[in-house]
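Predicted model and sequence below, questions to follow.
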Amino acid sequence: MITEQDIRALVAAGTRIDPERVTVRTEDDVLVVGITACTEAQQRGARAVLNQYVGEHREWRVVRDETPARAPAYDVDKLRVVIERLGEAPDGQLDEMFSARCRGLPADVPLDVVLKFLRNLRDECVFCAGASGFVMTLFNCLLEDYPETEDAMAERRAELEARYGM
């Protein structure tokens, strides 16, 4: 019989979601797979995995979890490497002003500062048309596994609106 740990690993692998974001639990004899801050596409992928491996043997559902059971293990060093490479991006990919900001980010800032920097950079690139579609996709991929609380998002957006009058 397939265990909850097996299901967690299969869902994470089948949907390319960080396993730290996937929880498997039983509620009233129903297998519940919770995914922190998941998208519709990730939910569909998780359902496909459950259909394949659990099927009709057991009742199940996929839900979006807002708060992770435990903090995910993020790798700030990998994010810093990507930001460093963005600082070398040609003007056709990323506006020189934004590349300079990437080069100017200190190497010793904590994860929360790096994430706020990336979110603000993404939003400013949208507002100022300062990045190619490829770089915008890169920003979205980088931030996909780093959910932001509603309060933090509202605070960050208010700062950007004040600066740019969005």
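Now that the structure is in, tell me what you want to look at. Keep in mind the model is a prediction, meaning the values are calculated, not measured.

Now the most centrally placed residue in the chain: closest residue in space, sequence neighbours ignored.
In the chain, the residue lying closest to the centroid (Cα atoms, centre = their mean) is residue 144, at 1.7 Å. Distances taken as Cβ to Cβ, 6 or more residues apart in numbering put residue 39 closest to residue 144, at 8.0 Å, once the chain neighbours are dropped. C-beta: built from backbone N, CA, C; applies to glycine.

Run a quick neighbour tally on the one you found.
Using other Cβ atoms under 10 Å, residue 39 has 13 other residues around it.

ok, now the one 4 residues further on?
Counted with other Cβ under 10 Å, residues neighbouring residue 43 total 16.

For the protein, just list every one of the helices.
Listed in chain order, the helices of the chain (DSSP state H) span 4-15, 40-53, 76-86, 96-104, 111-128, 133-144, 150-164.

Which pLDDT value belongs to the residue nearest to residue 42 when sequence neighbours are not counted?
Nearest-residue entry for residue 42: residue 15, 5.2 Å, with adjacent residues in sequence omitted and distances by Cβ to Cβ, 6+ apart. Note for residue 15: predicted pLDDT of 86.

I'd assumed residue 40 was in contact with residue 15.
No: taking contacts as Cβ atoms under 8 Å, residue 15 lies outside contact range of residue 40: 11.7 Å.

Among those two, which residue is more densely surrounded?
residue 15 (22 against 8).

what's near enough to touch the more buried one?
Counting by Cβ atoms under 8 Å, 6 or more residues apart in numbering, residue 15 makes contact with 35, 42, 45, 46, 49.

and which of those residues is nearest residue 121?
Distances from residue 121 to these, taken as Cβ to Cβ, are shortest for residue 42 (24.1 Å).

which residues touch the closest one?
By Cβ under 8 Å, 6+ apart, the residues touching residue 42 are 15, 17, 35.
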